[in-house]
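Student: no sequence on hand, only this structure:
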């Protein structure tokens, strides 16, 4: 999974590097996240991979406790740096994970109730890595809608052939 993470993190950095500071709070639709919110979310997702490897569960709204509030970054450069730190943290946790740890069940909870339980490997691939890919695609679309160059991701873009 480390090569997969490295590949997706590199592609994600290419998109984060292109985010315009002057459009940081731009959103394509009232129901959409702003560039700031989306980039901040993407920057935080790999951290949850490390959390998944270090815990048996996570409650996003623990009974009697505060809801989880994700961080927001003030600039594209901060979001890129946050993503790099988060991806490095996840990569280091993956490097230390045993096969047994990867097969062990992990649960997402909300208000003390189980939302789902899956083997960690499924959570890491589905909820973490694919989640990054999903939101990276949204940001790439935002770039297109702002008439900014979209980087080549899995193949050429209209703006980049390599």
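Tutor: Received, thanks. Everything numeric here is computed off the predicted structure, so don't read it as measured data.
Student: pLDDT averaged over the helix or strand where residue 141 lies - what is it?
Tutor: Assessed by DSSP states H and E, residue 141 sits inside helix 130-145. Summarised as a single mean, pLDDT over helix 130-145 is 98.
Student: do the same with stretch 14-34
Tutor: 97.
Student: also stretch 55-67?
Tutor: Stretch 55-67 comes out at a mean pLDDT of 90.
Student: how much space between the residue located most distally from the centre of the chain and residue 16?
Tutor: Centroid-distance maximum for the chain: residue 64 at 27.5 Å, with CA atoms, centre = their mean. Residue 64 sits at a distance of 36 Å from residue 16 (criterion: CB to CB, to the nearest Å). For the C-beta atoms, the positions are set from N, CA and C on the backbone; glycine is no exception.
Student: coming back round to it: name the helices or strands packed onto the helix holding residue 141?
Tutor: Contact partners of helix 130-145 among helices and strands, from 3 or more CB pairs under 8 Å, 6 or more residues apart in numbering; DSSP states H and E: helix 2-16, helix 35-54.
Student: what lies in contact with it?
Tutor: Residues from elsewhere that reach helix 130-145 (CB atoms under 8 Å, 6 or more residues apart in numbering): 8-9, 11-12, 15-16, 18-19, 26, 28, 32-33, 35, 38-39, 41-42, 45-46, 149-151, 153, 157.
Student: let's see that with 6 Å instead.
Tutor: Identification of contacts with helix 130-145 by CB atoms under 6 Å, 6 or more residues apart in numbering yields 8, 12, 15, 18, 28, 35, 38, 42, 45, 150.
Student: with stretch 98-107 instead?
Tutor: 52, 57, 114, 117, 119, 120, 121, 123.
Student: mind giving me the PyMOL select for the residues you listed, buried ones only?
Tutor: Buried members of the contacts of stretch 98-107, defined by 16 or more other CB atoms under 10 Å, are picked up in PyMOL with:
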select buried, resi 52+120+121+123
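Student: between all of the contacts of stretch 98-107, which two are at the greatest distance?
Tutor: 114 and 121 (18.5 Å; CB to CB).
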